[in-house]
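Colleague: sharing a sequence plus its predicted fold:
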Amino acid sequence: MEFINLDLLEKAVWAGIAALGFGILFNIPKKVILTVFILGFFAGVVKFVFLSIDFNVVTSTFLASLFVGIVSIPFAYKVNKPIVVFSIPAIIPMVPGYYAYKTILGIRKFTFVKMDDMGHEQLLNSIFSNGFMVLFILFAITVGVSAPMLLLGKDMARKLKD
């Protein structure tokens with residue numbers, strides 16, 4: 001059990017560092033750098049906790065993105081910065097690079113490698129399963145991070161600011 005917690009903590013720290021890196025890349029204000037790291041860290045915690053209790057990757061990513069979307073609003077209004085300054089760097093580490101890589105690798109193999117019909121069938125299955133996984137994860141990120149902003153609206157943000 002301790003190894004799972006340390007592994008989860010390590011992944012969350014790397015998610016925070018990745019969020020911090022993307023924040024710096026996007027030239028966020030210096031006074032919000034620590035906040036972006038913390039938001040990325042806790043987004044990683046949420047995602048990996050749900051993955052560790054056997055939620056699938058799409059649901060875990062959605063819940064982590066929803067967390068980022070909800071928590072970004074009060075942070076943004078407290079320091080009078082746009083919400084995307086906090087939310088976008090924190091969710092970029094959740095973009096499904098592994099599945100996208102496997103999809104492109106499958107397409108490349110399907111196009112350039114000669115094999116029998118059974119091999120092509122397995123490659124097509126891999127291409128479509130990984131490709132749809134990419135689409136579902138990206139959709140989960142999009143809905144998760146934007147839903148709180150759309151549902152709560154400016155009125156809720158003004159109440160949080162007061």
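Modeller: Perfect, thanks for sending it.
Colleague: and residue 11, how far from residue 18?
Modeller: Noted for residue 11: a distance of 10 Å to residue 18, by Cβ to Cβ, to the nearest Å. All C-beta spots, glycine's among them, are computed from the backbone N, C-alpha and C.
Colleague: likewise residue 109?
Modeller: Taking Cβ to Cβ, one finds residue 109 at 29 Å from residue 18.
Colleague: quick one, phi psi at residue 80?
Modeller: Main-chain dihedrals, residue 80, degrees, to the nearest 10: phi 60, psi 50.
Colleague: what about it, how many neighbours?
Modeller: Look at residue 80: counted by other Cβ atoms under 10 Å, it has 7 neighbours.
Colleague: looking at residue 109 and residue 18, which is more packed in?
Modeller: Neighbour count, other Cβ under 10 Å: between residue 109 and residue 18, residue 18 has more, with 20 against 16.
Colleague: what strand or helix carries the closest residue to residue 26 other than its chain neighbours?
Modeller: Spatial nearest neighbour of residue 26, chain neighbours left out: residue 89 (6.3 Å); criterion: Cβ to Cβ, 6 or more residues apart in numbering. Assigned by DSSP states H and E, residue 89 falls within helix 84-91.
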